[in-house]
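J.: Whatever this is, show me its structure:
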Amino acid sequence: MPGGRLTQQERRQIALGLADGLAYAEIARGLDRPTSTVTREVMRNGGPTAYRADLAHHATERRAHRRRQAAPRGPKDAPQAPGRDAEAVREYEETFTVHFMQSGLPRMTARVLTCLLTTDAGSLTAAELVQRLEISPASVSKAVAFLEAQGLIGRERDERRREHYTVDNGVWYDAMIASARNNTQFAEMARRGVDLLGPGSPAAARLENVARFMEFVGESIARAAEQAREVLYSEPPRDAADPAGTGRA
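T.: Numbers count the residues shown, from 1 in each chain. Model prediction:
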C-alpha cells in the first residue's frame with residue numbers, strides 16, 4: 001500500500017516500466033507512490049539499465065534482516081535531536097543519497113557525503129562512519145579519498161590524534177571554483193585543437209564553439225560563486241510564520 005514497503009509485484013511493475021522506457025514519475029503514478037520512492041528503489045538496485053525486480057526484492061529483504069540484527073547497537077537508532085522524526089530523517093538521507101548518485105557519485109561515496117552533511121557536528125571519524133553506515137573500513141577509506149580529491153570534505157586531527165572527516169560551508173565555494181577552473185582548462189584544450197586542425201575547418205569551428213561555451217560557463221560559475229559566497233556564512237533567514245526557528249509553521 002502507498003507509504004509502506006514496496007511489494008514484489010510493485011517491483012515487477014517498476015521493471016516493466018523501465019523496460020518500456022517510462023519516466024520514474026510515470027511509473028510512480030501507476031503505483032500510486034511518490035516519485036522519490038521509485039527513484040530511490042531503482043538507484044539503490046543497479047540503476048535503470050540493471051534493475052531486476054526479484055534481485056531488488058531479495059536485496060531489500062537482506063538489508064531489512066541486517067538492520068533488525070544491528071538494531072540494539074546501531075547509532076542510527078540513537079535518540080534524535082528534539083523535534084526530529086528518526087524515520088523521516090532516514091528517509092531524507094536515502095533521498096539525498098540518490099540525488100548524489102544521480103549527479104555521478106558512487107553509492108558508497110554518496111552515503112558518506114550525506115552522512116557528514118546531515119550530522120550536526122559536520123565531522124565524523126572513520127570508525128563513526130563505519131558504525132553509522134554499517135560498512136567496512138575499506139569502503140570508508142575509498143569514499144573519503146574520493147571526496148577529498150574532489151575538495152568536498154576536509155580532514156582534521158583532534159587532541160587524541162584521531163582523524164575526523166569534515167564538511168564546512170567553505171567546501172562548496174571551493175568545489176564551485178574548482179569546477180569553473182576545470183571548464184576553463186577544457187576550453188583551453190579545445191582551442192588548441194582549433195589551431196591544430198586549421199581555422200575554417202568544420203572540426204575547428206566545432207571546437208571553437210565548445211571553447212567559447214565552456215569559457216562562458218566557467219566565468220559565470222566563478223562570478224556567481226564570488227557573489228554568493230557570503231550566503232554560505234550568513235545566518236539562514238527564519239520563516240515569518242516560525243519566528244522561533246523551530247522548523248514548524
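J.: Could you check how far the closest residue to Arg157 other than its chain neighbours is from Leu113?
T.: Closest residue in space to Arg157, ignoring its immediate chain neighbours: Glu163 at 5.8 Å, by CB to CB, 6 or more residues apart in numbering. Every residue, glycine included, has its C-beta placed from N, CA and C. From Glu163 across to Leu113, the span is 17 Å (CB to CB, to the nearest Å).
J.: The two - which one has more neighbours?
T.: In this view Glu163 and Leu113 are compared by other CB atoms under 10 Å, and Leu113 has more residues nearby, 23 against 13.
J.: for the more buried one, what are its contacts?
T.: When contacts are counted by CB atoms under 8 Å, 6 or more residues apart in numbering, Leu113 touches Phe100, Leu105, Ala143, Leu147, Leu152, Ile153, Val167.
J.: distance of it from Pro236?
T.: Counting by CB to CB, the separation of Leu113 from Pro236 is 21 Å.
J.: same check, this time on Ala53
T.: Ala53 sits 42 Å away from Pro236, going by CB to CB.
J.: So for the two, which sits in the more crowded spot?
T.: Taking other CB under 10 Å, Ala53 and Pro236 do not tie; Ala53 has more neighbours (20 against 7).
J.: was I right about the more buried one contacting Ala15?
T.: Yes - Ala53 is within contact range of Ala15, at 4.2 Å (criterion: CB atoms under 8 Å).
J.: re earlier: just name the closest of the contacts of Leu113 to Ser220, please.
T.: Leu152 (21.2 Å; CB to CB).
J.: Okay, and that closest one sits in which element?
T.: Using DSSP states H and E, Leu152 is not contained in any helix or strand.
J.: Okay then, goodbye and thanks.
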